[in-house]
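K.L.:
I need the structure of the sequence given here:
(one chain, ligands or ions: 2)
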Amino acid sequence: MIEQSILEITAELARARDIVIVPHKGPDGDAIGASLAMWHFLKDKGHNPQVIAPNNYPDFLKWLPGTEEVIIYENEQERSNQLIADADLVFTLDFNELNRAGIMVQPLIDSQAVFVMIDHHQEPTDYANHTYSDATMSSTCEMVYHFLEKLRAANHISPEIATCLYTGIMTDTGSFRFSSASSLTHRVVADLIDKGAENWKIHNKVFDTNSEKRMQLLGTALRNLKVLLEYKTAYISLSQEELDRHDFRKGDTDGFVNYGLALEGVIFAAIFIENKQDGIIKISFRSKGDFSVNAFARQNFEGGGHINAAGGKSDLSLKETLERFESLLPQYKDDLIL
Ligand code: 5GP
Ligand code: MN
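P.N.:
Ligands and ions are numbered 1, 2, ... in the order given. Reported below is the predicted structural model:
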């Protein structure tokens, strides 16, 4: 982000009172962590900020400081629309194209507010007045840290802000193990611990609060694992019936896709999750090395994301989707190398 933009955003912040903060649809730890960190920062500075998430987010994030302040657009549309219409400034966090805001797109388009995008996805679109985009960053939370540094506000990072940012960096880097977790990421994380993020407690709250049903769902997912070593690929599928049988709750399948990558010789993993209500198969892709799941998701499954983590969807049945996925692999064989 260029110095001029920082000067302009500083001037906007000096004027702005009502500020809306928007994470992407299906918010994850990074999107909610970044949004709540920004909320605390702006609140502490005397603004009137409001996080509005397009839809609900997983229970394992609902301990984050400030979580009770988040409005779910789906549940409070009228109030949300008013807040968006009244906003002087809108921060959109952790997404690169406006339609990732789901059903919030139209009120956002209608808004007269100044938009600031902070995001680490590839190929950002230019809907915002100020775009801070860096696809080399581990997470939007890491970028919010650097954004606060640029605003010369690093000394305003409270234990609450540090906790939110640590959570998002941790979840988006698979607990600091993906190649996106650079030495700089680790320096940021070290500073967040110094500023009050209690790292072991955060790990515990996010990863060690499973229900028995969720662990059993993981068992079912692992039994469904299909390994295609010829293509260094492994995938998992879960039908609606299997989800229902385990009292599926939002977030229960988060992280399952990574088990495919834990197999020796596998560099491309996917999970296919049937959603009868939306009439789609929601897909997550992960890879190791240079194989771009962003490109794969864009080319074949109306999705996108990052080189090593992306998502998409399919309107076919679960069975047809899996057949289609398998049939695509031969044409990528030369790229499926480590
Ligand atoms: P996840 O698999 O964890 O849902 O998502 C992995 C990454 O891909 C995230 O950065 C997410 O924002 C992105 N992503 C997931 N689903 C979609 C999608 O349908 N479209 C696009 N453009 N990105 C997606
Ligand atoms: Mn992210």
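K.L.:
Dig out what the residue lying closest to Phe301 once chain neighbours are set aside forms beta bridges with.
P.N.:
Setting aside the residues directly before and after it, Phe301 is nearest to Gly312 in space (Cβ to Cβ, 6 or more residues apart in numbering), at 3.0 Å. (C-beta placed from N, C-alpha, C; glycine too.) Beta-bridge partners for Gly312, by DSSP bridges, are Ile283.
K.L.:
element containing Ala285?
P.N.:
Careful, residue 285 is Phe; it's not Ala. Taking DSSP states H and E as the definition, one finds Phe285 inside strand 280-287.
K.L.:
Count the residues that sit near Ser239.
P.N.:
Applying other Cβ atoms under 10 Å, we find 18 other residues in the vicinity of Ser239.
K.L.:
so where's the stretch 101-250 of the chain uncertain?
P.N.:
Within the stretch 101-250 of the chain, no stretch has pLDDT under 70.
K.L.:
Quick one: name the residues of it near ligand 2.
P.N.:
Within the stretch 101-250 of the chain, the positions lying close to ligand 2 (Cβ under 5 Å from the ion) are 140, 172.
K.L.:
Quick one: the helices in the stretch 101-250 of the chain, in order.
P.N.:
Read by DSSP state H, counting those that start in this stretch, the stretch 101-250 of the chain holds these helices, from start to end of the chain: 105-110, 140-150, 159-172, 183-194, 199-207, 212-223, 240-245.
K.L.:
and the ones you listed, which is most packed in?
P.N.:
Stretch with highest mean neighbour count among the helices of the stretch 101-250 of the chain: helix 159-172 (a mean of 27; mean count of other Cβ atoms under 10 Å).
K.L.:
quick revisit: wait, doesn't the residue nearest to Phe301 sit right on Ile283?
P.N.:
Yes. Taking contacts as Cβ atoms under 8 Å, Gly312 lies within contact range of Ile283: 4.9 Å.
K.L.:
what sits in contact with each of these two?
P.N.:
Listed contacts common to Gly312 and Ile283 are 297, 301, 303; contacts here mean Cβ atoms under 8 Å, 6 or more residues apart in numbering.
K.L.:
Those also near ligand 2: which ones?
P.N.:
Of the shared contacts of Gly312 and Ile283, not one also sits near ligand 2 (Cβ under 5 Å from the ion).
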